[in-house]
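K.L.:
sequence first, predicted coordinates after that:
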Amino acid sequence: MRYGVTLPAFAEWSDPGTVMDIAAEAEVAGWDGFFLWDHVTWNPEWGGTPAMADPWMCLAAVATVTSRVTVGPIVTPLSRRRPQMVAREVVTLDHLSHGRALLGVGLGEEFEYKALGEPVRDRGSRLDEALIVLTGLLSGEAVDFEGEYLAVHCPPALPRPVNGSIPIWVGGHWPNRAPFVRAGRYDGVVPRKVGQERGEVFTVGDLEALRAFVGREGDFDYVMSGLTTSPDDNAGVRRWEAAGATWWLEALYPFGGAGPRMRDRVRAGPPNL
């Protein structure tokens, strides 16, 4: 199992310098990955409207102060992004980090679409088309694609990724099936539970059922997240590993004055297994 941290560049962490410092601390402490949320606005019903930094700019800065950790967004709502822009952003991040970039993608939050006047319908179909275009662009070959939402006919997009490709993790809510059919075509899955925002819990049994449904092992990542209190608070992480998880992401946040405590958790290092 590998271990990362995932956090929003929000509130007191909206200062890019602070994000850079946290990333450097994470690498020194032995974490394997550093991932940022990708949002452009926030739902006031979830507790105000915090200051927010651009995650891609912050990830570029993070790449310059780290040398080992995997870096990327978890997750980018590709349905409302231009895939050609995301392709250039992630390849640039990949070269800046000397081949350490990873791309997490998903549908994104419905409130962001509505707040910015973007269509909510058919997000899944648009995501599928955007992934076809994006992976074509990442291949360094010419792209000719005609879909319902996208029509792309362009020469090769260069340079190619440092290692020839960039891992793609796909987010989704279990037990919906479509997101996990989609994820099975790429490199990993970041699952949540339908109704998680209302207290529903993704369980070890859910992970086992998800693995059986996706049917990928070895070259595929099953990514779980949560919050532990210390490296020795590892019983839950052990259960996820036994159920087939390949990554554990420590889900950090600065809300409610928790920033200093969360920084201490980063400095303490990943779970001891």
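P.N.:
Arrived safely, thanks for sending.

K.L.:
excluding chain neighbours, what is closest to residue 24?
P.N.:
Leaving aside its sequence neighbours, residue 24 sits nearest to residue 65 (CB to CB, 6 or more residues apart in numbering; 4.8 Å). Any C-beta I mention is one placed from the backbone N, CA and C, and that applies to glycine too.

K.L.:
name the SS class of the nearest residue to residue 23 once chain neighbours are set aside, please.
P.N.:
In space, not counting the residues next to it along the chain, residue 23 is nearest to residue 62; the distance is 4.2 Å by CB to CB, 6+ apart. Reduced to three states with DSSP: H, G, I helix; E, B strand; the rest coil, the structure at residue 62 is helix.

K.L.:
what does residue 153 give?
P.N.:
Classification of residue 153 into helix, strand or coil gives strand, according to three-state DSSP.

K.L.:
and if you look at the one 10 residues further on?
P.N.:
Using three-state DSSP as the criterion, the local structure at residue 163 reads coil.

K.L.:
how about it, what does it touch?
P.N.:
If you count contacts by CB atoms under 8 Å, 6 or more residues apart in numbering, residue 163 has them with residue 99.

K.L.:
longest helix in the chain, by residue count?
P.N.:
Taking DSSP state H as the assignment, the helix of the chain that covers the most residues is helix 123-138.

K.L.:
which other residues reach it?
P.N.:
By CB under 8 Å, 6+ apart, helix 123-138 touches 78-81, 83-84, 86-87, 90-91, 105-108, 113, 143, 145, 147-150, 152, 154, 157, 160-161, 165-166, 168, 178-179, 182, 185-186.

K.L.:
at 7 Å what do you get?
P.N.:
Under the contact criterion CB atoms under 7 Å, 6 or more residues apart in numbering, helix 123-138 has outside partners 78-79, 83-84, 86-87, 91, 105, 107, 143, 145, 147-150, 152, 157, 161, 165-166, 178, 182.

K.L.:
circling back to that earlier point, I'd say the residue nearest to residue 24 and residue 20 touch.
P.N.:
Yes: using CB atoms under 7 Å, residue 65 makes contact with residue 20 at a distance of 4.9 Å.

K.L.:
okay, the two: which has more neighbours?
P.N.:
For the pair residue 65 and residue 20, the greater number of neighbours falls to residue 20 (17 against 13), based on other CB atoms under 10 Å.

K.L.:
ok, the more buried one touching residue 62?
P.N.:
Yes: with contact defined as CB under 7 Å, residue 20 and residue 62 form a contacting pair (5.9 Å).

K.L.:
for stretch 204-213, buried residues please.
P.N.:
Using 16 or more other CB atoms under 10 Å as the burial criterion, the residues of stretch 204-213 that qualify are 206-207, 210-211.
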